[in-house]
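In: Coordinates only, no sequence provided:
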């Protein structure tokens, strides 16, 4: 369905509809960068998504490791409590979160898009699941060799759960890249916009002008391609991860 | 000397996990737990965000339930979106999964693209595309129905079809994903059950009804909960399709209403009360579904609600990532995706559960 609107031009308005444009109108793409700050939008989205991904994966893997391989007081309660809260829908927290983020001075900043989303309950759950299958003997052996706790985590556990890390990364990245509701709430200045918000601006959702179908579609296509690219990249990556992870405990 | 290092190591082993979980829990508490609690509290206040909040008791809820002209219509819309997507998406996806559960299927890359494109495409892009397809003057859908002699319909604007326009988008977004779950579920059914059924003389229909469906019950429950909760919270679909700020009441969903009241009119307390009500609805829906499905589920497994709810995910992950051993008797998730994209399917599973 999306493919039919890839090369949309002014001919969109034609009746009967034209599926493939005879003379592709590349101005749709170039206009994005001359009339709108599309390069900034892409840059913003990229920064936010990368930051969210790195932080999420690091925090979740670290905590997931603690839950999977250590015994400590209150472990079970903390874990169950955290997973149970995964049911709470975002719309419930968005108003207080908006106030909170505003008080912290992160309104209309990219930081406000990053920080609240780096600790998803389900991420910790996933990573714990992955790390549980790392053999205990490896960790014990490293400990016997005198490795510190963090070093065990960083040099033994992380390399073994690469597939899990890659999985969580791609999920987090795609989610952040495509998120719309929260950026819509806290961003005001259109130089701070992320791609989905920019797309609605190109489409002239807020202003009463003629909708720019072609340009919006060009932008949509342009920004979906990287995601598909990342998907196929990670797909290859997984094979390496799988064979590398096949360690005999 | 060794005793000393051993002792120190023993201590670091005790303390380390707290260091490992604290960064997560600090952020989790500040940006998730506190706002959640604040929302429940704020729902009892009148607050414009500038002056101190004024206590209002149950006033917000009273207004919401008894005085608000629009709320019940919006609530009905939301129920419609949610129920509609469950009743359309799930049978459709099950049919697709049964049809695609076939080793000799052709055009695998094509099907893969069909299933994954709704998941990687942003809702905004999808909604804009649908807005064009459904356009009354030059949309593809009106062009298609003109061949069977139907007059052009103003899909998005007209009050009788507006909800269905949104529904088409919702169904498009959820069917591929749901289908992947079902395909995965089909792979986990024990083949011997079918052989036993054949020996007993069961027809294809009987096999489907007495073997496939009961065996798929946990997956179906999971999918039902995911789809109904997800579509209960729809926002982008409606918001983008109706050009943002002036969504007609007959198409509004509850999250759109929270946006309008909470952020555009800055009724922060009132907005919170809608959010809390929504949470109660979601909880009720999932508990109801769990209850009505529970009789179909394996009674021996006395697991807690959460464990059962999440057990399909655990199974997937445990089966698909053979980290601890090299044995390769893992079941392939589905013939169409092959081994390579198993991991992608997992991604998708996570993807949906991560959607806030």
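Out: Perfect, I can see it now. Everything numeric in this text was worked out from a predicted model, so none of it was measured.
In: going forward, measure contacts between C-alpha atoms and count neighbours the same way
Out: Will do.
In: Which positions in the stretch 51-200 of chain B make contact with chain A?
Out: Counting by CA under 8 Å from any CA of the partner chain, the positions of the stretch 51-200 of chain B adjacent to chain A are B:120-126, B:128-129, B:132, B:137-140, B:143.
In: who's in contact with the most centrally placed residue in chain A?
Out: In chain A, the centroid-proximal residue (CA atoms, centre = their mean) is residue A:173; its distance is 2.1 Å. Taking CA atoms under 8 Å, 6 or more residues apart in numbering or on different chains, we find residue A:173 in contact with A:49, A:50, A:52, A:53.
In: Output these in a markdown table; the columns should cover distance to residue B:214.
Out: Formatted as a markdown table, the contacts of residue A:173 follow (distance: CA to CA, whole Å):
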| residue | distance to residue B:214 |
| --- | --- |
| A:49 | 41 |
| A:50 | 42 |
| A:52 | 40 |
| A:53 | 39 |
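In: Just among those residues, which is most surrounded?
Out: residue A:52 (26 neighbours; other CA atoms under 10 Å in any protein chain shown).
In: Phi, psi for the closest residue to residue B:72 other than its chain neighbours please.
Out: Distances taken as CA to CA, 6 or more residues apart in numbering or on different chains place residue B:65 nearest to residue B:72, at 7.7 Å, with adjacent residues excluded. For residue B:65, the backbone dihedrals are phi -80, psi -30 (criterion: degrees, to the nearest 10).
In: With residue B:54 instead?
Out: phi -100, psi 130.
In: Also residue B:45?
Out: According to degrees, to the nearest 10, residue B:45 has phi -120, psi 160.
In: Next, the buried residues of the top helix by length along chain B.
Out: Criterion DSSP state H: the longest helix present in chain B is helix B:71-100. The neighbour-count check on helix B:71-100 (16 or more other CA atoms under 10 Å in any protein chain shown) flags B:71, B:73-86, B:88-90, B:92-94, B:96-97, B:100 as buried.
In: Packing partners of it?
Out: helix B:162-187, helix B:213-232, helix B:254-258 (3 or more CA pairs under 8 Å, 6 or more residues apart in numbering or on different chains; DSSP states H and E).
In: now, of these, which is deepest in the fold?
Out: The highest average neighbour count among the helices and strands packed on helix B:71-100, using mean count of other CA atoms under 10 Å in any protein chain shown, belongs to helix B:254-258 at a mean of 25.
In: what residues does that one touch?
Out: A:91, B:74-75, B:78, B:232-235, B:238-239, B:271-272, B:274-275, B:278.
In: Over to stretch B:17-34?
Out: Contacts of stretch B:17-34 (CA under 8 Å, 6+ apart): A:59-60, A:62-67, A:70, A:72, A:93, A:97, A:115-120.
In: hmm, back to that, of all the contacts of helix B:254-258, which two lie farthest apart?
Out: B:238 and B:272 (20.4 Å; CA to CA).
In: out of these two, which sits in the more crowded spot?
Out: residue B:272 (30 against 26).
In: how about the more buried one, secondary structure?
Out: The local conformation at residue B:272, judged by DSSP: H, G, I helix; E, B strand; the rest coil, is helix.
In: Touching, residue B:269 and residue B:45? I think so.
Out: Yes: taking contacts as CA atoms under 8 Å, residue B:269 lies within contact range of residue B:45: 5.3 Å.
In: Between the two, which is the more surrounded one?
Out: Legend: neighbour count by other CA under 10 Å for residue B:269 and residue B:45, higher for residue B:269 (29 against 23).
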